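In: build me a structure from this.
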Amino acid sequence: MVSVEPIVERTVRLGRALQSNGVSVSLAEIIDAATATAEIDVLARTELREALRATMVKDARHHALFDREFDHLFPARPHRTGDDVPDAPTDVAAAMATGEGIAAAAAALVDEHAGLDGDVRSEKHHVQRVFHGADIARLMSRVRIADPDVSPAQLRARVDELKRLIAADVRAQLDHEVDPGIAPDVQDVDFLEASRAELDEMRRAIRPIARKLASRLARKRRHRTGKANIRRTVRRSLGTGGVPLDVAHDRPRRHRPDLFVLCDISGSVADFSLFTLTLMSALSAEIARTRSFVFVDAVDEITELLTSTDHLIEPWQLMRNTNAIGDDGHSDYGRVLEQFWDETGHRDLTRTSTLIVTGDARTNHRGTGAEWLARCAERSRRVYWLNPEPRSDWNTFDSEVAAYAPHCHSVHEVRTLRQLVTCVEQLF
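Out: Numbers count the residues shown, from 1 in each chain. Predicted structure coming up:
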């Protein structure tokens, strides 16, 4: 039997989550929702969802947001310990015909088809694997044959519920939290595999993401605590008879780095680099100065160009309006790093500088130029490398990640918007 207290606590958390994302939910409505849980069978998940949605959501535009938060706080998959024996295989068609056990059917399909025990990729990838394996169209035909009395409207509603639960279950197992302002599938699309429509959607999403990230980083810096100051703590303790009740801390020195961003804009990595540049621009309050550079087989600074266009620029415009292409337009990391050192690094990098390099580190079997990156690292406070390729592809063929990694404080796999935001938040 499920205790009432956890349900009430999660109901309150659900109300607060909706409030934090702009949904008007009053304290009285949260109390009504918590009271409603005592009047229904909380084990009947669909009934619980409908009761909470009816008491908290007044606008149909917020239903999708409510469903995502509800799935996060009230996961459909029952918790199992390691000693539990899995249930017998679920008859998905029977669940769709009766409308009972749809959550269990979704969990069974995820277990069978998602491939989460292999190469873990984006949420969209694993959800599509389940949809393909379940063969939804054929499943609907099987249900209609088994029970002709099921109306098309009922069947469509149950299929929609099955799809939603599959996506929620995959998301929970990947441990992904959703930014309510962005469609979940957009957050997890691989930069290098995205369609033009998906890239356009990500481009629209990156600015609101950047603003939220800047706010989070500012709050984190304001509440950061310095090291305990023993001398001041002892002085304070004189007022309490030598008992150090009030620990004194040093005021943390706020480090605002000079940021240098060096971005590969060749081929499919160009869009990823632009997303990174846009994200960096939103952190201007946390950064003393930002200088941006792009390259293919030559380097060009674009700091003023980005400022004049408010970062509303396409990769092809960078190609046309910069000198990032030197001789043949094929990536040449060796030449690029040497040029960056000669023209910028040896003169402008200092112990307050942070250098971020974005690119796939594919050299076309030309020189790596690792010695020039090493010189940049010696003059800089930090060097980070963001790579949009899967980690499993690093150091294959002409990938030279291993040559650059020793000169970086860290190298990050950044294949999606979600990973990009997480990475930048960790770096700053």
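In: near the closest residue in space to T240 that isn't next to it in sequence, how many other residues are there?
Out: Leaving aside its chain neighbours, T240 sits nearest to D246 (7.8 Å; criterion: C-beta to C-beta, 6 or more residues apart in numbering). Any C-beta I mention is one placed from the backbone N, CA and C, and that applies to glycine too. The number of residues packed near D246 is 11, by other C-beta atoms under 10 Å.
In: ok, D246 - contacts?
Out: T233, R236, S237, T240 (C-beta atoms under 8 Å, 6 or more residues apart in numbering).
In: what segments of this structure are strands?
Out: Remark: strands assigned in the chain by DSSP state E are 258-264, 289-295, 299-301, 353-358, 382-387, 410-413.
In: low-scoring stretches of the stretch 1-150 of the chain, by residue?
Out: Scanning the stretch 1-150 of the chain for pLDDT under 70 picks out 1-5, 42-43, 76-90, 117-122.
In: so where's the stretch 151-300 of the chain shaky on pLDDT?
Out: Using pLDDT under 70, the stretch 151-300 of the chain drops low at 175-185, 216-227, 243-245, 249-257, 282, 284-286, 288.
In: now do the contacts for L420.
Out: F272, F275, T276, L279, L386, V414.
In: report pLDDT for it.
Out: pLDDT, L420: 89.
In: restricted to helices, list the contacts of D246.
Out: T233, R236, S237 (DSSP state H).
In: once you drop chain neighbours, what's closest to R53?
Out: That would be F66: by C-beta to C-beta, 6+ apart, it lies 5.4 Å from R53.
In: isn't that neighbour up against A17?
Out: No - look at F66 against A17 with C-beta atoms under 8 Å: they stay out of range, at 9.3 Å.
In: which residues touch the nearest residue to S331 once chain neighbours are set aside?
Out: Among residues not flanking S331 along the chain, S266 sits closest, at 4.8 Å (C-beta to C-beta, 6+ apart). Shown in contact with S266 (C-beta under 8 Å, 6+ apart): V296, G329, H330, S331.
In: now with 10 Å, please.
Out: Residues in contact with S266, defined by C-beta atoms under 10 Å, 6 or more residues apart in numbering, are 273, 294-297, 315, 319, 324-325, 329-332, 359-360, 362, 364.
In: in ChimeraX, how would I select the buried members of these?
Out: Applying 16 or more other C-beta atoms under 10 Å to these, the buried members can be selected in ChimeraX as follows:
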select :273,294,295,296,297,315,319,324,325,331,332,359,360,362
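In: number of residues surrounding the residue lying closest to D41 once chain neighbours are set aside?
Out: In space, and not counting its chain neighbours, D41 is closest to E47: 6.0 Å by C-beta to C-beta, 6+ apart. By other C-beta under 10 Å, 12 other residues sit near E47.
In: okay but E47 is in contact with I40, surely?
Out: Yes - E47 lies in contact with I40 (C-beta atoms under 10 Å); the separation is 5.2 Å.
In: how about the contacts made by the residue nearest to R53?
Out: Contacts for F66 were tallied using C-beta under 10 Å, 6+ apart; they are 14, 17-18, 21, 23, 25, 49, 52-53, 56-57, 59, 180.
In: return the subset of those lying in helices.
Out: L14, A17, L18, R49, L52, R53, M56.
In: Serialize these to a markdown table and add fields for neighbour count.
Out: What follows is these, written out as a markdown table (neighbours: other C-beta atoms under 10 Å):
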| residue | neighbour count |
| --- | --- |
| L14 | 23 |
| A17 | 19 |
| L18 | 23 |
| R49 | 17 |
| L52 | 28 |
| R53 | 16 |
| M56 | 25 |
